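>>> All I have is the shape, not the residue letters:
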């Protein structure tokens, strides 16, 4: 059915790929680095595989992905690359044992074989195909015109709670510089961390060449004046930067555990893992070196229904794939109906913005990458109503748009920053504001005078510590009560290091060994421009 007919509307799938900067060279087997290993095996490589295969098969598509500076830095870090390789080799050893252990249990063995293929493929793609640098794979897709890679705040700092505009400026400039260094061009768009928008932030984005950003629905619906096309067309802020609003309907269908696809009983259960289920001595070599049981990524059960974790049925990969295809068809049908309805109300083709955390696809929702694969193929082959695009492409098609001032907003619970500012984490902000103020003072004082190489290094490191302390992940973790101790420790560590550096710079009494140690631990943004705070 695929034809050259122009579509009635557009769909922009926006995947937000982010992890906080978790790199601990001081430990041999840091638990937090497993977040990265899991995301590589379960999300980033499966997505690369899907996109590459679509290209090979001649399927035209567009996807937008924000890749945050901490994520890119970790994926390109030689220490973490070696550690990931060590990790995937251990997983391969485990899954070989599992294939053997389950050989007389067909209901588990087929799943073990599935994981075996997955882990071998992950190692091949990571080590051989991309020589440990999978960012090259995403750059290749962007160069081929299929993927639009956008950036994010330098460390995912939450802009609305950064009172100092210079702090927001540093988050944006550092990110844009980092993107240019790593991706080889300048970014067109930015994913605002946690979709957090505050009036005036758009002017900072525009100053650094960012043409568009994504906000949550109510940011545009409650904007001034009222949006003529709701969230189905971009709006320009007075600065000239464009804002795209999230479509609630398509979002909820995918991420909602209650009414969304990922909660279907045929899909794999995330919370039943052999790291907890199997005999301790058997599993011990494959969990954390401290002996703490943890997820291995090998999970044999499906969601099944509203039963306790112990009552789950064995997972059936084939049935799960059929369900993913069915859900992809349903999602496409709903977008077609949505577009047909909107087209009659608008004087142009509408755009539906469907943003998700990239880690939903593969890590949390194991079948997510297959769902995307089915969806993209169905959109290409089975209908002409909806076409995939990127926000950047849509702006080129429709350069004229309404001018509107979006309102203060975030995504998440209640939509007004409540997740990042509440009684679990409110104590951090006075420290973050004060550190940002002090960094501003340093930048202003040293910007116009010659600095020694030691001062330069200390100023760079001070800027790094402020940025790392500002990561919205720490406040988020404190609120979700998951790894609270770690989040508190990270916040305090970066603030304390900043003050040590501040004192060194102001007094001129440098402890070079201490400075070197900080540079070794937090090596993100080697070429950071600390004057961004001035």
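Structure's in. What do you need? Computed from a predicted structure; not experimentally measured.
>>> quick one: buried residues of the worst-scoring helix or strand of the chain on mean pLDDT?
Least confident helix or strand, the chain: helix 248-255 with a mean of 86, by mean pLDDT, DSSP states H and E. Going by neighbour count (16 or more other C-beta atoms under 10 Å), the buried part of helix 248-255 is 250-251, 253-255. (C-beta placed from N, C-alpha, C; glycine too.)
>>> who's in contact with the nearest residue to residue 359 once chain neighbours are set aside?
Computed as C-beta to C-beta, 6 or more residues apart in numbering, the closest residue to residue 359 that is not its neighbour in sequence is residue 43, at 5.2 Å. Residues near residue 43 by C-beta atoms under 8 Å, 6 or more residues apart in numbering: 17, 358-359, 361-363, 369.
>>> List the buried residues for stretch 153-171?
153-162, 164, 166-171.
>>> And the strands in this protein, which stretches?
Listed in chain order, the strands of the chain (DSSP state E) span 9-17, 63-67, 147-152, 189-191, 212-215, 235-236, 242-245, 351-357, 386-388.
>>> helices and strands around the longest helix anywhere in the chain, which ones?
Determined from DSSP state H, the single longest helix within the chain is helix 317-343. Helices and strands touching helix 317-343, by 3 or more C-beta pairs under 8 Å, 6 or more residues apart in numbering; DSSP states H and E, are strand 9-17, helix 106-123, helix 248-255, strand 351-357, helix 368-381, strand 386-388.
>>> let's see it at 6 Å
helix 368-381, strand 386-388 (3 or more C-beta pairs under 6 Å, 6 or more residues apart in numbering; DSSP states H and E).
>>> can you list the weak-confidence ranges in the stretch 1-150 of the chain?
1-4 (pLDDT under 70).
>>> residues in contact with residue 353?
When contacts are counted by C-beta atoms under 6 Å, 6 or more residues apart in numbering, residue 353 touches 12, 244, 246-247.
>>> circling back to that earlier point, for the strands of the chain, give me TSV that also has distance to residue 518.
Below are those laid out as TSV (distance: least, C-beta to C-beta, whole Å):
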stretch	distance to residue 518
strand 9-17	27
strand 63-67	26
strand 147-152	24
strand 189-191	28
strand 212-215	32
strand 235-236	42
strand 242-245	37
strand 351-357	31
strand 386-388	44
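>>> show me what contacts residue 447?
531, 534.
>>> Also residue 317?
So residue 317 contacts residue 114 (C-beta under 6 Å, 6+ apart).
>>> can you start the count at 54 instead of 1 from here on
Shifting the count to begin at 54 puts that one at residue 370.
>>> Give me the local confidence score for it.
You'll see residue 370 listed with a pLDDT of 97.
>>> just to revisit the earlier point, and of the buried residues of helix 301-308, the nearest to residue 80?
residue 308 (33.1 Å; C-beta to C-beta).
>>> Can you give me the separation between the closest one and residue 476?
26 Å (C-beta to C-beta, to the nearest Å).
>>> Please apply the same query to residue 401.
Counting by C-beta to C-beta - residue 401 and residue 476 are separated by 46 Å.
>>> Between these two, which has more neighbouring residues?
Between residue 401 and residue 476, counting by other C-beta atoms under 10 Å, residue 401 is the more crowded of the two (15 against 8).
>>> out of everything not next to it in sequence, what's closest to that one?
residue 451 (6.3 Å).
>>> Pull the number of nearby residues for that neighbour.
15.
>>> quick one: the longest helix of the chain to helix 301-308, angle?
180 degrees (axes from the mean of the first three to the mean of the last three C-alpha atoms, to 10 degrees).
>>> quick one: buried residues of helix 370-396?
Buried, per 16+ other C-beta under 10 Å, within helix 370-396: 370, 373-374, 376-378, 380-381, 384-385, 388-389, 391-392, 395-396.
>>> what do you get for stretch 459-474?
So, applying 16+ other C-beta under 10 Å, buried residues of stretch 459-474: 459-465, 468-470, 472-474.
>>> Repeat that for stretch 541-558.
Applying 16+ other C-beta under 10 Å to stretch 541-558 flags 541, 543-544, 546-548, 550-551, 553-555, 557-558 as buried.
>>> avg pLDDT for that stretch?
Mean predicted lDDT for stretch 541-558 stands at 98.
>>> same question, stretch 280-298
97.
>>> which outside residues touch it?
255-256, 258-259, 265-268, 270, 273, 395, 399, 403, 406, 444, 448, 454-457, 459.
>>> List only buried entries from the residues you listed.
Looks like the contacts of stretch 280-298 have 255-256, 258-259, 265-268, 270, 273, 395, 399, 403, 406, 444, 448, 454, 457, 459 buried, using 16+ other C-beta under 10 Å.
>>> burial measure for the nearest residue to residue 587 once chain neighbours are set aside, as a count.
Closest residue to residue 587 apart from its sequence neighbours, by C-beta to C-beta, 6+ apart: residue 496 at 3.8 Å. If you count neighbours by other C-beta under 10 Å, residue 496 ends up with 20.
>>> Quick check: pLDDT value at residue 496.
For residue 496, the model assigns a pLDDT of 97.
>>> circling back to that earlier point, I'd like to know which of the contacts of residue 96 are buried.
Buried among the contacts of residue 96 by 16+ other C-beta under 10 Å: 70, 411-412, 414-416, 422.
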